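Enquirer: Got a predicted structure plus its sequence, pasted below:
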Amino acid sequence: MKTPVRVAVTGAAGQIGYSLLFRIASGEMLGKDQPVILQLLELPLEKAQAALKGVIMELEDCAFPLLAGIVGTDDAEVAFKDADIALLVGARPRGPGMERKDLLLENAKIFTAQGAALNKVASRNVKVLVVGNPANTNAYIAMKSAPDLPAKNFTAMLRLDHNRALSQLAAKAGVAVGDIENLIVWGNHSPTMYPDYRFAKAGGASLKDKIGDADWNANTFIPQVGKRGAAIIEARGLSSAASAANAAIDHIRDWVLGSDGKWVTMGVPSDGSYGIPEGVMYGVPVITANGEYTRVEGLEIDEFSRKAMDKTLAELEEERAGVAHLLG
Ligand SMILES: NC(=O)C1=CN([C@@H]2O[C@H](COP(=O)(O)OP(=O)(O)OC[C@H]3O[C@@H](n4cnc5c(N)ncnc54)[C@H](O)[C@@H]3O)[C@@H](O)[C@H]2O)C=CC1
Ligand SMILES: O=C([O-])CC(=O)C(=O)O
């Protein structure tokens, strides 16, 4: 029997949490031979703690053989204690009359505190995935608030955007989604993101050559992927939950167990390549192996792509400037 892996999840009683925890406990994220201990954080509110209790009761009722323990708490330092993996899902949602800037500041407080708690008590190798919006900037704040942990351990979720783009591309090109390789989503998890299929292939054949439709790319594909989150809210009356949980599982599974040479998109602190200033939490193509991600380097950036990549960068820099006064 392997040693259990400690997986912390914040916002555990929320809708993504409800789609996520049962799959982690059944071995879909870390493997069918890997025991896990779930360390679940919720707000110190009666309603949130009661909901968390209910979720824990349901986890118990599944009798998952791989579930080696469950901790439910309202204290970040308890939830993150020795955590090997931290999924930061809980965030302040946008309320009536709240501007994007207010949302940013409310969340900055949460992610400053959670970054500091990770810094204090988590495993020194903790792999952090930020899902809660604005995901890239929240991840940046957590990273900056955890100076004793390696910056590369902090990532933001662009995988839902990557998966959305894969599906749209497969439908347009008439190929199987699982056959598509070398897709990228650059930048921020927001409508400014740039899904880039210039290098995408299926069965070795270029999808750009196959589709050959610059108008579809600029006016359908890119905006549809960028606005998919809003389209789901419009249709469901609630934001994406099962697909977001699925993407979180894909992100961590590939990071821990490897992507088998495939490109996947992760929001990671920039190393300065592709003209993205160092430290900016930006979606890039990576290949994962042995628990580490490696950027796909040396891709040609044409004029159209440069513009799209700079636009999403400008938004991230604006978000970063908006919270700079809160970070030391
Ligand atoms: N990066 C991405 O691709 C996606 C991100 N999201 C974001 O994920 C976040 C969660 O979404 P849902 O689960 O649908 O929301 P939800 O509102 O159903 O659940 C969030 C939970 O987090 C808890 N929470 C709030 N602040 C917390 C804190 N400081 N510590 C611990 N728990 C806290 C709340 O009590 C609530 O139970 C939202 O910010 C949403 O916008 C959603 C879809 C995709
Ligand atoms: O748009 C939202 O609020 C939820 C989200 O991030 C997505 O579905 O991509």
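Expert: That came in fine, so what should we check first? Numbers count the residues shown, from 1 in each chain. Ligands and ions are numbered 1, 2, ... in the order given.

Enquirer: quick one: which helix or strand includes F64?
Expert: According to DSSP states H and E, F64 maps onto no helix or strand at all.

Enquirer: burial of it, as a residue count?
Expert: Residues lying near F64 (other CB atoms under 10 Å) number 18. For the C-beta atoms, the positions are set from N, CA and C on the backbone; glycine is no exception.

Enquirer: was I right about it contacting A25?
Expert: Yes. Look at F64 against A25 with CB atoms under 8 Å: they come within range, at 4.3 Å.

Enquirer: Tell me where the stretch 201-328 of the chain has strands.
Expert: Ranges of strands in the stretch 201-328 of the chain, per DSSP state E, counting those that start in this stretch, are 201-202, 205-206, 264-269, 281-289, 292-295.

Enquirer: residues near A68, how many?
Expert: A68 has 18 nearby residues by other CB under 10 Å.

Enquirer: helix/strand/coil for it?
Expert: strand (DSSP: H, G, I helix; E, B strand; the rest coil).

Enquirer: for the one 4 residues further on, same thing?
Expert: Counting by three-state DSSP, the backbone at G72 sits in strand.

Enquirer: Excluding chain neighbours, give the residue nearest to T294 in space.
Expert: I287 (5.4 Å; CB to CB, 6 or more residues apart in numbering).

Enquirer: Would you point out which residue of the stretch 1-150 of the chain is nearest ligand 1?
Expert: Per CB to the nearest ligand atom, G14 is where the stretch 1-150 of the chain lies closest to ligand 1, at 1.9 Å.

Enquirer: Compute the distance between the closest residue to S239 other than its chain neighbours and ligand 2, please.
Expert: Nearest non-adjacent residue to S239, counting by CB to CB, 6+ apart: I233, 5.2 Å away. As judged by CB to the nearest ligand atom, to the nearest Å, I233 and ligand 2 stand 6 Å apart.

Enquirer: hang on, the earlier thing: can you list the strands of the stretch 201-328 of the chain in TSV and add mean neighbour count?
Expert: Putting those into TSV (neighbours: other CB atoms under 10 Å) gives the following:
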stretch	mean neighbour count
strand 201-202	19
strand 205-206	14
strand 264-269	25
strand 281-289	24
strand 292-295	15
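
Enquirer: With distance to ligand 1 and mean pLDDT as added columns, please give these in a markdown table.
Expert: Output for the strands of the stretch 201-328 of the chain, formatted as a markdown table (distance: least, CB to the nearest ligand atom, whole Å; pLDDT from 0 to 100):
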| stretch | distance to ligand 1 | mean pLDDT |
| --- | --- | --- |
| strand 201-202 | 24 | 98 |
| strand 205-206 | 28 | 97 |
| strand 264-269 | 9 | 98 |
| strand 281-289 | 10 | 98 |
| strand 292-295 | 17 | 98 |
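
Enquirer: closest one to H251 among those strands?
Expert: strand 264-269 (6.6 Å; CB to CB).

Enquirer: Return the distance of the closest one from the chain's centre.
Expert: Averaging C-alpha positions (CA atoms, centre = their mean, to the nearest Å) puts strand 264-269 8 Å from its chain's average.

Enquirer: How about stretch 293-313?
Expert: That offset, for stretch 293-313, works out to 19 Å (CA atoms, centre = their mean).

Enquirer: for stretch 42-58, same thing?
Expert: 23 Å.

Enquirer: One more: stretch 20-30?
Expert: With CA atoms, centre = their mean, you get 16 Å for stretch 20-30.

Enquirer: from what I can see G90 touches L43, true?
Expert: Yes. Counting by CB under 8 Å, G90 touches L43, with 7.4 Å between them.

Enquirer: Which one of the two is surrounded by more residues?
Expert: G90 (23 against 18).

Enquirer: List the contacts of that one.
Expert: Contact partners of G90, counting by CB atoms under 8 Å, 6 or more residues apart in numbering, are 10-12, 14, 41-43, 110, 132.

Enquirer: Setting aside sequence neighbours, what's the nearest residue to it?
Expert: Nearest to G90 is G11, by CB to CB, 6+ apart, at 2.5 Å.

Enquirer: mind exporting the helix or strand encompassing N136 as CSV, just the C-alpha atoms?
Expert: N136 belongs to helix 135-144 when elements are defined using DSSP H and E. This file holds the C-alpha atoms of helix 135-144, laid out as CSV (Å, rounded to 0.1, in the frame of the first residue of the first chain):
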residue,chain,number,x,y,z
ALA,A,135,-7.9,32.4,-11.2
ASN,A,136,-4.6,33.7,-12.7
THR,A,137,-4.4,36.7,-10.4
ASN,A,138,-5.5,34.7,-7.3
ALA,A,139,-2.7,32.2,-8.1
TYR,A,140,-0.2,35.1,-8.5
ILE,A,141,-1.3,36.5,-5.1
ALA,A,142,-1.0,33.1,-3.4
MET,A,143,2.5,32.6,-4.9
LYS,A,144,3.7,36.0,-3.8
